[in-house]
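Student: here you go, sequence then predicted model.
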Amino acid sequence: MNDPWIWIEAIMTLAILSYLYKDNPVYKAAEYLFVGIASGYYLSIYFQNVLVPNLFVPSWRGVHAAFGPGTPAPTDLIRLSSLMLAVFMFMRFSPKGAWLSRWPLGALVGAYAGLAVIGLAQGDLIPQIDSNLLPIITPGSWSTLAGAQGLAQGMAAFLGLFSNVVLIVGLLATLVYFFFSLEHRGFTGRTAKLGVYFLMISFGASYGFTVMARISLALDRLRFLFEDWLGIHISG
């Protein structure tokens, strides 16, 4: 409690929480302070961990090899071209040279688009497809259900038998809802409506999980204020 950093952290926490009452100058001051410190911190991190080892050092090595003794390495020459594109990015502030900024922007968007497609396919799309290639009835489920003893074991076996069916039906119904080449009437319309129900359940669960995560952060701040700052122990 006598630690000055605890007092600073508590004051900043109360300043941010004061927004719950209304927007006020104390909250704005804490917000600007947080944004400024975070921007300066991340700028220094990017400069030391990204620009210096990946741009400045290889570029200087390439310039020294190009105009001095020795042969420049191809990778160093590539870094020199990266430095040139980075300079072109700032030409956007020049009315006459703004067209030069389109080259680095095009290279940046194209490179990240290609990397994003590969990354999403390997980390998101393919694992989701693999996770949904499930049997309607898991082998051994009937024998597990028949041999279950007690209500709890019977319910667990039944839910294990039922979960794959729900997942497959929900997946197919949701895909039908997003299939716009057929008019949603008749059987297709009923299936699409079922897909809407699955979507609403999914969104509701995601929203509830997000709210619980925010509540957990709020409880941690309250625990800090009561226990670490005021010295009132509220946890068991």
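Tutor: Everything's here; your move.
Student: mean pLDDT per helix and strand in this protein: which one sits at the bottom?
Tutor: helix 141-146 (a mean of 66; mean pLDDT, DSSP states H and E).
Student: what separates whatever helix or strand comes next after that helix from the chain centre, distance-wise?
Tutor: As assigned by DSSP states H and E, the chain's next helix or strand after helix 141-146 is helix 151-177. Offset of helix 151-177 from its chain centre (Cα atoms, centre = their mean, to the nearest Å): 28 Å.
Student: check the average confidence over helix 151-177, would you?
Tutor: Helix 151-177 shows a mean pLDDT of 81.
Student: list the buried residues of that helix.
Tutor: Ala157, Leu161, Asn164, Gly170, Leu171, Ala173, Thr174, Val176, Tyr177 (16 or more other Cβ atoms under 10 Å). In short, each C-beta sits where N, CA and C put it, glycine included.
Student: list the contacts for Asp33?
Tutor: Careful, residue 33 is Leu and not Asp. By Cβ atoms under 8 Å, 6 or more residues apart in numbering, the contact list for Leu33 reads Met12.
Student: number of residues surrounding the nearest residue to Thr174 once chain neighbours are set aside?
Tutor: Once flanking residues are discounted, Thr174 sits nearest to Gly195: 4.1 Å by Cβ to Cβ, 6 or more residues apart in numbering. Per other Cβ atoms under 10 Å, the neighbour tally for Gly195 reads 22.
Student: so where's this structure uncertain?
Tutor: The model of the chain has pLDDT under 70 over residues 1, 62, 65-73, 76-77, 138, 140-154, 157, 235-236.
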